[in-house]
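Participant: Quick one: sequence and predicted model below, then my questions.
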Amino acid sequence: MVTKKHFNKIAEIIRECTGTSSIESNTHSFVCKLADYFESENPNFHRGKFIHACHNDMTRKYNVNIKAS
């Protein structure tokens, strides 16, 4: 089972490997698709935390509630 530890590491990797403005929209789409999958695999998965972690340092407070379009 994929746990919070795994989701956090995946978000850290995404954050480190992405972030330039030229790929920003592709990055968001990629992150949302991953979040869709993780939600289907784990009922305790917190989509907002994951999306926030992909774009920000998790030491900062999160307040995200984004659904894929």
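Facilitator: Great, that's in hand. The structure displayed is predicted, hence computed values, not measured ones.
Participant: Low-confidence stretches in this structure?
Facilitator: 18-25, 57-69 (pLDDT under 70).
Participant: Now do the helices in it.
Facilitator: 4-17, 24-41, 47-55 (DSSP state H).
Participant: and the angle for the second one with helix 47-55?
Facilitator: In this structure, helix 24-41 runs at an angle of 140 degrees to helix 47-55, with axes from the mean of the first three to the mean of the last three C-alpha atoms, to 10 degrees as the basis.
Participant: Now do the buried residues in helix 24-41.
Facilitator: Neighbour-count burial for helix 24-41 flags 27-28, 31-32, 34-35, 38-39 (criterion: 16 or more other C-beta atoms under 10 Å). (C-beta placed from N, C-alpha, C; glycine too.)
Participant: Going by distance to Lys4, which of those wins?
Facilitator: Within these, proximity to Lys4 (C-beta to C-beta) peaks at Phe38, which comes in at 10.7 Å.
Participant: list the contacts for that closest one?
Facilitator: Going by C-beta atoms under 8 Å, 6 or more residues apart in numbering, Phe38 touches 2, 7, 45, 47, 50.
Participant: State the phi and psi torsions of the closest residue to Asn42 other than its chain neighbours.
Facilitator: Excluding the flanking residues, the one nearest Asn42 by C-beta to C-beta, 6 or more residues apart in numbering is Val2, at 6.0 Å. The phi/psi pair for Val2 (degrees, to the nearest 10) reads phi -80, psi 130.
Participant: could you list every residue that touches Val2?
Facilitator: 38, 41-42.
Participant: Now tabulate those residues in CSV and tack on distance to Ala11.
Facilitator: Shown next, in CSV, are the contacts of Val2 (distance: C-beta to C-beta, whole Å):
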residue, distance to Ala11
Phe38, 10
Glu41, 15
Asn42, 14
